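# Pasting the sequence and the predicted coordinates here, then a few questions.
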There are 2 protein chains.
Amino acid sequence: MSDIGVTVKKNEAFSEWYTEVVVKSGLADYAPIKGCMIIREHAYAIWEKIQGIINKKIQATGHLNVYFPMFIPEGFLKKEAEHFEGFTPEVAWVTHGGDSPLEEKLAVRPTSETIMYATFAKWIRSWRDLPIKINQWCNIVRWETKATKLFLRTREFLWQEGHTAHATSEEAEKEVLYILGEYRDLMENYLAIPVLVGLKSDSEKFAGALYTMTLEAMMPDGKALQMGTSHNLGQNFAKVFDIKFVGEDEKDHQVWQTSWGVTTRLIGAVVMVHGDDKGLVLPPKVAPIQVVIVPIPYKGADAEAISSKAKEVAAKLQARGISVVLDERAEYTPGWKFNQWELKGVPLRIEIGPRDLKQQQVTIARRDTGQKIAVKEEEIFATVEKLFEDIQNNLFEKAKVALAEKTFTVQNYEEFKRIVAEIGGFLKVAWCGSSECETKIKDETGATIRVRPLENEKPTVTCIRCGQKAKEMVFFARSY
Amino acid sequence: MSDIGVTVKKNEAFSEWYTEVVVKSGLADYAPIKGCMIIREHAYAIWEKIQGIINKKIQATGHLNVYFPMFIPEGFLKKEAEHFEGFTPEVAWVTHGGDSPLEEKLAVRPTSETIMYATFAKWIRSWRDLPIKINQWCNIVRWETKATKLFLRTREFLWQEGHTAHATSEEAEKEVLYILGEYRDLMENYLAIPVLVGLKSDSEKFAGALYTMTLEAMMPDGKALQMGTSHNLGQNFAKVFDIKFVGEDEKDHQVWQTSWGVTTRLIGAVVMVHGDDKGLVLPPKVAPIQVVIVPIPYKGADAEAISSKAKEVAAKLQARGISVVLDERAEYTPGWKFNQWELKGVPLRIEIGPRDLKQQQVTIARRDTGQKIAVKEEEIFATVEKLFEDIQNNLFEKAKVALAEKTFTVQNYEEFKRIVAEIGGFLKVAWCGSSECETKIKDETGATIRVRPLENEKPTVTCIRCGQKAKEMVFFARSY
């Protein structure tokens, strides 16, 4: 845990920079087993913040947290053909309990639709039992074969998965959009990451869904990152698991369903979007430590008075609900401490030195801009609050500018290929709607349709690939 | 979800009663896969309460939450021989990822010592890196072959596992006792369940530990339930995983370690100890819903005034941090609602009828005693607070009486066998200290040593089994 400090520059070697920041800031570490990661205390605390934000949102609208078994019999996965095909290539299979082979092998859940909906069929009898709106926080396994990338591509990760069943198609559609809106609020107003929002194409939708809504962000290396999805499952699962209810009309009906989730990859997105050459930069709303106080005794004089002032400031901020660390470790210099807390992305640092003490002030340094200001003691709390807001806004505005700079409207396929190869980013193009063109573009450039925007802008030009009549404008990108 | 109401009596058919209460109150359900359970919303909310209590305790003393992978290579488990022998018979093995067989099979974690400590060896270099004090909330798998019992015996369950590494043996011992004290506080002062606290015998200790401290409660059917354990691992794992540090003396040392955990079985204990023929009885400190308000419109008159009064009372209690449900469902009668909320164990019910309205009062009913009192509007909050305290104390006192009634000091082995067979309970006996006697007693009666109490009471009689000189007084019981 010794060599701190990031040794590569974000704009020179992005991928190495990312891994260094993640590991050195104490967010995560490689596990001593291939393809897996250790989520360390700093990242887990961010995850707990995200849990708190989502729980508050969904509980206010009647969703309840539960926990279903992580083992799914092969037969369940097989019931919905598309679903089985989509997930089995990356399933980890349990075949033995102790020394005994199992009668039927068990999947470690890649997602929980099947095990939950087999149970919904038992729970739901009448329209009075609807809607069912549940959510679970759990671990998920997808047996990735590509290179491991901390938070973004690991064989096990953490997520929440919401699952609902409704009496009508309209209610299910409303739920899908409601969740999309809440996810967008989380991403933009808490994580400070702007997202493009819309539909997935059929080839990119969730295996077994009617349609998938997605939220996509742009990373500094020009690759898109899927931040969350909200699926309308229609009656696909209701049919195969026979989830019926007696309606108010006293007839049998099948339910309409949704599922939706976000994962620990959100933490990776925060690192990539906001981090800089000094390390993490955390938005105040999800920073586990919001303020660090570093007393700076000058040649030992005033040390005691400075220490008691620092304690007083810490206590005052904590009493107002701000998360504060007072760093009085004697074995490290103030400069070393500054670097360490900058690496960890703490939004504000308060320094208290002899000069501050004399003038009844403190010095506050912003992590995002590096700016330092002197603040009178009686104004500390109000200033901290104000700076939190400023930092939160500044990070979001900067990310919006970065997104705009990496969004291109393109009408010519040669230019499309050049931009994908040289810059990356989102490429807004006219598309004929055929999966044939979609596949060709993917094969030729590596870019896929990330989003079909909700607002249906009519194309004024022909399909970027085939030149036929275009049906809609879509965003292509290479992605994580 | 229709037939509510418990159909068997607790003191007539305890085991059936337990399952009915668990399933009908919405705590849990059998999963559509053998040996597993679904933790439903009501139980998950209690678990979240327990998480909050433990997190607050351990975070105040510098423990940090993390998340380690759930897959453990077989080679890791094998490193500590006792540990491997203790856990492998009940390990679920992952042997395939997708279609490909794995090079080394992976255990789904039965506990995380090995994967964590392989990493500790990498993290720890100097005394400055110590202590490490981490905790994780996760799922655990132990491939039980005995009959499933919801919360108490399932192949997957949830728990927290704390893991620490220290520079000295004394620090590790202190940690083990600190955790034991906090667990006792949780069990007695929140769950209202009295526990016997002490050491496990060598044959019952954690596989790989130096010694295990345990907290044991008595269930109404005379069986003991292990509520939590805190292990001193000594240097057993440090040796096999080579966890060394350079001390202040600049020499190499091996760390001293502890691990400790409680599981979702605590919820089963709450059901068993406090439940009655009407269903669950929840201690106010861990009840997800603390108060239910049921307006009782009499033939429709005053219905509106009663409803707005009910909303007002609900809002006032919520503003003070009390968790309230206002049950205004029109499709159910007040009587039906009373039964449902009693089944769910809500500590207090507030009824507001026409008479209450007229007299500016409400009627409050206690779940634990059934007692009803009229309370003036301005005294509602103070009364609710007071009643919470009374219920919490009453449940604990009743449980203490039940424990005392099922604790026997026995000097004669024939009497011992009779009590174990006919009553169960804790049997306090003199023991010579040999595992031979311990094993014989287990084979002959099914009872094992549950606790070797901390306060070392000197035996005045000879060993209950062999008649030789006794070393200590211990508590035997049959157990879950």
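Sure thing, it's come through.
# buried residues in stretch A:31-40?
A:31, A:32, A:33, A:35, A:36, A:37, A:38, A:39, A:40 (16 or more other C-beta atoms under 10 Å in any protein chain shown). For every residue, glycine as well, the C-beta is placed using N, CA and C.
# Read off the pLDDT value for the third one.
It stands for residue A:33. In this model, residue A:33 is scored at 92, pLDDT.
# Now do the domain split for chain A, please.
What automatic domain parsing lists as the domains of chain A is A:14-274, A:289-387, A:407-477.
# Out of those, which is closest to residue B:261?
Across the domains of chain A, residue B:261 has its closest neighbour in domain A:14-274 (16.9 Å, C-beta to C-beta).
# what about that closest one, start to end distance?
Domain A:14-274 has an end-to-end distance of 13 Å (criterion: C-alpha to C-alpha, to the nearest Å).
# what about that domain, distance to the chain center?
12 Å (C-alpha atoms, centre = their mean, to the nearest Å).
# related to what we said a few turns ago, of the domains of chain A, which is nearest chain B?
Nearest to chain B among these is domain A:14-274 (3.7 Å), distances taken as C-beta to the nearest C-beta.
# In contact with residue A:357, which residues?
Residue A:357 is in contact with A:302, A:305, A:306, A:309, counting by C-beta atoms under 8 Å, 6 or more residues apart in numbering or on different chains.
# Show the buried residues in the residues you listed.
Among the contacts of residue A:357, those classed as buried by 16+ other C-beta under 10 Å are A:302, A:306, A:309.
# and which of these is nearest to residue A:9?
Nearest to residue A:9 out of the buried ones among the contacts of residue A:357 is residue A:306 (C-beta to C-beta; 35.5 Å).
# Check which helices and strands the helix or strand where that closest one lies sits against.
Secondary structure from DSSP states H and E places residue A:306 in helix A:303-319. Judged by 3 or more C-beta pairs under 8 Å, 6 or more residues apart in numbering or on different chains; DSSP states H and E, the packing partners of helix A:303-319 are strand A:291-295, strand A:324-326, strand A:348-352, helix A:354-358, helix A:380-405.
# Wasn't residue A:88 part of a helix?
Yes: membership of residue A:88 in a helix is supported by DSSP: H, G, I helix; E, B strand; the rest coil.
# Pull the contacting residues for it.
Neighbouring residues of residue A:88 by C-beta under 8 Å, 6+ apart: A:77, A:107, B:98.
# Just name the closest of those to residue B:155, please.
Residue B:155 lies nearest to residue A:107 out of these, by C-beta to C-beta, at 14.8 Å.
# So for that closest one, what pLDDT did the model give?
97.
# same deal with the one 4 residues further on?
The predicted local distance difference test score for residue A:111 is 96.
# Now do the same for it: helix, strand or coil?
Residue A:111 ends up coil, using three-state DSSP.
# For residue A:117, see how far away it is.
For residue A:111, the distance to residue A:117 (C-beta to C-beta, to the nearest Å) stands at 11 Å.
# Repeat that for residue A:434.
Taken as C-beta to C-beta, the span from residue A:434 to residue A:117 is 32 Å.
# Residue A:160 now?
The gap separating residue A:160 from residue A:117 is 17 Å, by C-beta to C-beta.
# can you check residue A:164 too?
11 Å.
# so what sits against both of those two?
Common neighbours of residue A:164 and residue A:117 (criterion: C-beta under 8 Å, 6+ apart): residue A:257.
# ok so, going back, most tightly packed of the domains of chain A?
Among the domains of chain A, domain A:14-274 has the highest mean neighbour count (mean count of other C-beta atoms under 10 Å in any protein chain shown), at a mean of 20.
# so what pLDDT did residue A:84 get?
Value for residue A:84, per-residue pLDDT: 88.
# quick check, it in a helix?
Yes: the assignment for residue A:84 is a helix, going by three-state DSSP.
# which strands and helices sit next to the host helix or strand of residue A:104?
Per DSSP H and E: residue A:104 is located in strand A:100-108. In this structure, strand A:100-108 makes packing contacts with strand A:71-73, helix A:74-79, strand A:92-97, strand B:92-97, judged by 3+ C-beta pairs under 8 Å, 6+ apart.
# near chain B, anything from the first one?
What that stands for is strand A:71-73. Yes: shown here: strand A:71-73 in contact with chain B (C-beta under 8 Å from any C-beta of the partner chain) through A:71, A:72, A:73.
# show me what contacts the residue nearest to residue A:314 when sequence neighbours are not counted?
Distances taken as C-beta to C-beta, 6 or more residues apart in numbering or on different chains put residue A:326 closest to residue A:314, at 4.4 Å, once the chain neighbours are dropped. Residues near residue A:326 by C-beta under 8 Å, 6+ apart: A:292, A:293, A:295, A:310, A:311, A:314.
# Go again with 10 Å.
Applying C-beta atoms under 10 Å, 6 or more residues apart in numbering or on different chains, one finds that residue A:326 lies in contact with A:291-295, A:307, A:310-311, A:313-315, A:317-318, A:350.
# I'd like to know which of those residues is nearest to residue B:466.
Closest approach between these and residue B:466, by C-beta to C-beta: residue A:318, at 59.9 Å.
# Not counting its neighbours along the chain, what's nearest the closest one?
Distance criterion C-beta to C-beta, 6+ apart; nearest residue to residue A:318, sequence neighbours excluded, is residue A:324 at 5.3 Å.
# Name whatever forms a beta bridge with residue A:226.
On the basis of DSSP bridges, residue A:226 is bridged to residue A:216.
# Using JSON lines, lay out the buried ones among the contacts of residue A:357 together with pLDDT.
Shown next, in JSON lines, are these (pLDDT from 0 to 100):
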{"residue": "A:302", "pLDDT": "82"}
{"residue": "A:306", "pLDDT": "94"}
{"residue": "A:309", "pLDDT": "95"}
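# Distance to residue A:225 added to the residues you listed, as TSV?
Below are the buried ones among the contacts of residue A:357 laid out as TSV (distance: C-beta to C-beta, whole Å):
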residue	distance to residue A:225
A:302	49
A:306	44
A:309	44
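# In chain A, which residue is most central in space?
For chain A, the residue nearest the mean C-alpha position is residue A:266 (2.1 Å; C-alpha atoms, centre = their mean).
# List the contacts of it.
A:46-47, A:50, A:151, A:159, A:183, A:186-187, A:190-191, A:193, A:217, A:225, A:227-228, A:286.
# Please consider this matter closed, and thank you.
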